[in-house]
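In: Mind looking at a prediction? Sequence and model below.
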Amino acid sequence: MKSELMSVIDQIGREKGIDKGKVVAALELALLTAAKKRFGQDDNIQVDIDTDTGEISIVKKKTIAEKVVDERTEISLEDARKIDDEAEMGDEIGSLIDMQDFGRIAAQAAKQVICQKVREAEWESIEREYSKKEGELVHGVILGQERRNYLVDIGKTEALLPIQEQIPREAHRRGDRVRALLLEVRRTSKDVQVILSRAHPHFVVKLFGLEVPEISEKIVEIKGVVREPGDRTKISVASRDKAVDPVGACVGVKGSRVQAIVRELRGEKIDIIPWTDDPRVFIGEALNPASIEKVGIDEQKKSALVVVADSQLSLAIGKNGQNVRLAAKLTGWKIDIISSTEYEKEKMERDREIKAALAEETANIAGEASEGVTGQPDGADTEEANLVAVDEVVSEDPPSS
């Protein structure tokens, strides 16, 4: 039958998730610290715990010397043979130390070492287990709030949901069950902190993975996601199977799948956008829910000009520019939006400037011809080319949004 000591060690190992060997090693170190505190740091003391019986042996060892210089580490052959008749010069001989000889201070030091080592072993266990879960969803129970940060019980440890990782305007009460992304495991000098997030864009990605089987089966791929927590998320999706509509798969029958995610995010709007490698179409789709008339792009500057109906301008820009800002982040393009009326005015102005330039060039040609200069000026071809370029800045066949 195991001793009471080993039963306690086994219990600590089970409750804290710590290897029994580490608990035994911590206890041995604690006893060694206490012994050295009681008998002297320079003494050669060894501690051993039998893991089967729980028996503790503390031995103070000395070397047999012809002439004793340091009584703490050396012993004469005569004194050694009082302990062991077969002792020889140069051997090491040990004497057992009674644990009752330990003083109160030494016992307190042993307790502190045990507690510290058990805590460190517990931190290592937590770090090892939860580091593997970084980027995954975890479930927990709200324990309380501290400086606007929530403490969450996630099983073997308490996690932190910082204010900056919370969804704005979202409140929790003690005992509420919460789902969050395990963002990071931080090791500090004092403990191990498990950081959660409900504001990170990847939180939405993991929620879609739960609700949409086609995503977990890798039939539908999430190409990108941008988010302003509490307000709006834009997510682009593509299908590896032509028979599967990626947007329809994410929305679900009567919107059941996406609505489940919206409820989890406390009403946050979600725009699901079909991904395409055509930047004009992709930019047009990214500006949903606004309807787009025309999209023109400058590939060198990676910028786009989008024309919308006057009634759609505010919707395309969004509240405080949110819609166009998220669309720009999702597509990676700089996006400028103008109304169709403004575009027509600018186009007419450009046309007038070009016609005036052509008229001036025509007059110059006539003047040079009267002086005997033949041939067409280089400027005519340039202006004509510019006229074509201006017309082609905006596609005449806008993508449907």
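Out: Happy to help now that I have it.

In: And the helices in the protein, which stretches?
Out: For the chain, the helices defined by DSSP state H cover 4-16, 20-39, 77-83, 104-131, 201-211, 213-216, 246-251, 256-264, 279-286, 313-317, 322-331, 340-370, 378-392.

In: Quick check: buried residues in the longest one?
Out: Residues of helix 340-370 classed as buried under the neighbour-count rule (16 or more other CB atoms under 10 Å) are S340, Y343, A357, E361, I365. All C-beta atoms are positioned from the backbone trio N, CA, C, and that covers glycine.

In: and if you look at the second one?
Out: With burial defined by 16+ other CB under 10 Å, the residues of helix 20-39 counted as buried are 22-24, 26-35, 37-39.

In: How about the fifth one?
Out: The neighbour-count check on helix 201-211 (16+ other CB under 10 Å) flags P201, H202, F203, V204, V205, K206, L207, F208, E211 as buried.

In: quick one: the fifth one from V185, how far?
Out: Looking back up the chat, that one is V205. As judged by CB to CB, to the nearest Å, V205 and V185 stand 20 Å apart.

In: what does the second one give?
Out: Separation of H202 from V185 (CB to CB): 16 Å.

In: one step back: just name the closest of the buried residues of helix 20-39 to V59, please.
Out: Nearest to V59 out of the buried residues of helix 20-39 is A35 (CB to CB; 9.7 Å).

In: give the contact list for R147.
Out: By CB atoms under 8 Å, 6 or more residues apart in numbering, the residues touching R147 are I163.

In: H172 contacts G144, doesn't it?
Out: No: using CB atoms under 8 Å, H172 makes no contact with G144, being 9.7 Å away.

In: list the residues that contact both of the two?
Out: Listed contacts common to H172 and G144 are Y150; contacts here mean CB under 8 Å, 6+ apart.

In: ok, the two, which is more surrounded?
Out: When H172 and G144 are compared on other CB atoms under 10 Å, the one with more neighbours turns out to be H172, at 17 against 14.

In: Which pLDDT value does the model give the more buried one?
Out: According to the prediction, H172 has pLDDT 94.

In: wait, what's in contact with it?
Out: For H172, the contact set (CB under 8 Å, 6+ apart) comprises I142, Q145, Y150, V178.

In: remind me which residues of the stretch 51-200 of the chain are low pLDDT?
Out: Residue ranges of the stretch 51-200 of the chain with pLDDT under 70: 70-72, 84, 95, 98-111, 113.

In: which residues of it fall in strands?
Out: In the stretch 51-200 of the chain, the segments counted as strands under DSSP state E, counting those that start in this stretch are 56-65, 74-76, 92-96, 137-146, 149-153, 158-161, 177-187, 192-197.

In: Save the ones you listed as JSON lines, and put in distance to V281 too.
Out: Shown next, in JSON lines, are the strands of the stretch 51-200 of the chain (distance: least, CB to CB, whole Å):
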{"stretch": "strand 56-65", "distance to V281": "76"}
{"stretch": "strand 74-76", "distance to V281": "89"}
{"stretch": "strand 92-96", "distance to V281": "84"}
{"stretch": "strand 137-146", "distance to V281": "33"}
{"stretch": "strand 149-153", "distance to V281": "42"}
{"stretch": "strand 158-161", "distance to V281": "39"}
{"stretch": "strand 177-187", "distance to V281": "31"}
{"stretch": "strand 192-197", "distance to V281": "33"}
